[in-house]
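Trainee: build me a model from this:
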Amino acid sequence: MARRTKEEAQETRKRILDAALHVFAAKGYSRATFVDVARRIGMTKGAVYWHFENKQALLAALIEYMHGREQALLEADLPDTASLNGLKDYLVAHMRIATRDEEFRKFSMFILLQMEWSADMITAVREELMKFRAEPFEELSGILAQAQRRGEVRNGSDIKAAKGMLTGVWLGLLTAHLQGMLSADPVEAAEVAFTALIDSLRA
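Mentor: Next up, the predicted model:
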């Protein structure tokens, strides 16, 4: 009975997060309410509050939920990402998911273009996210470090700077695509960009 109750709670949490994505994307974060989220799935506001104490916690959980969904999709296609070639494939696959998976595209559009970020909001959400993981794209540091230990990365390369460069280019390509400013296919553009950038890191 306890197991069933736990499974039911997890399923309810998932339904709330799915509803939150649709409501945030449709109304914007600041205008969306727990009532809107609850109404979409036929629940009470109190039931949503039982799972999430406030809207910032709901947003942080949504980010982590979509991150987990993305990781599951990546792992299905990319069993080995330890090499530099694997890193390029990993980043290109990220772009494919962000632009071609319907739910993730909606999430990308909301987070990058619709979300009303402020300094206080960024701080609050980051604190919530720290409960789940260190930072976005944290996987890149580990992949680069493994490649460096194997001698694939050029001596003297700054792993932190390399991670920042790769992250920035990925976000730039995705944002340009979502804004309609990228004439090329985003996945093809990512393939070209990351091939060149990663080749510049090779020993």
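Trainee: what bits of the protein have low per-residue confidence?
Mentor: Low-confidence segments of the chain, defined by pLDDT under 70: 1-4, 78-81, 129-136.
Trainee: what's the residue closest to the geometric middle of it?
Mentor: By Cα atoms, centre = their mean, the chain has its centre lying nearest to His67, at 4.4 Å.
Trainee: packing partners of the helix or strand harbouring that one?
Mentor: Element membership of His67 [criterion: DSSP states H and E] is helix 55-77. Judged by 3 or more Cβ pairs under 8 Å, 6 or more residues apart in numbering; DSSP states H and E, the packing partners of helix 55-77 are helix 2-27, helix 34-40, helix 84-100, helix 102-109, helix 119-129. Just so you know, the C-beta spots here come from the backbone N, C-alpha and C atoms, and that holds for glycine as well.
Trainee: how is the protein divided into domains?
Mentor: By the assignment in automatic domain parsing, the chain contains the domains 1-52, 55-199.
Trainee: list the buried residues in the strand or helix carrying Val187.
Mentor: With elements taken from DSSP H and E, the one containing Val187 is helix 186-199. By neighbour count on 16 or more other Cβ atoms under 10 Å, the buried set for helix 186-199 is Pro186, Val187, Ala189, Ala190, Glu191, Ala193, Phe194, Leu197, Ile198.
Trainee: circling back: between the helix holding His67 and helix 102-109, how many degrees?
Mentor: Orientation note: helix 55-77 sits at an angle of 130 degrees relative to helix 102-109 (axes from the mean of the first three to the mean of the last three Cα atoms, to 10 degrees).
Trainee: what lies in contact with helix 55-77?
Mentor: Here helix 55-77 makes contact (Cβ atoms under 8 Å, 6 or more residues apart in numbering) with 13-14, 16-17, 20-21, 24, 29, 32, 34, 37, 48, 52, 90, 93-94, 97-98, 101, 103-104, 107, 111, 121, 124-125, 128-129, 131-133, 136.
Trainee: brilliant, that's me finished.
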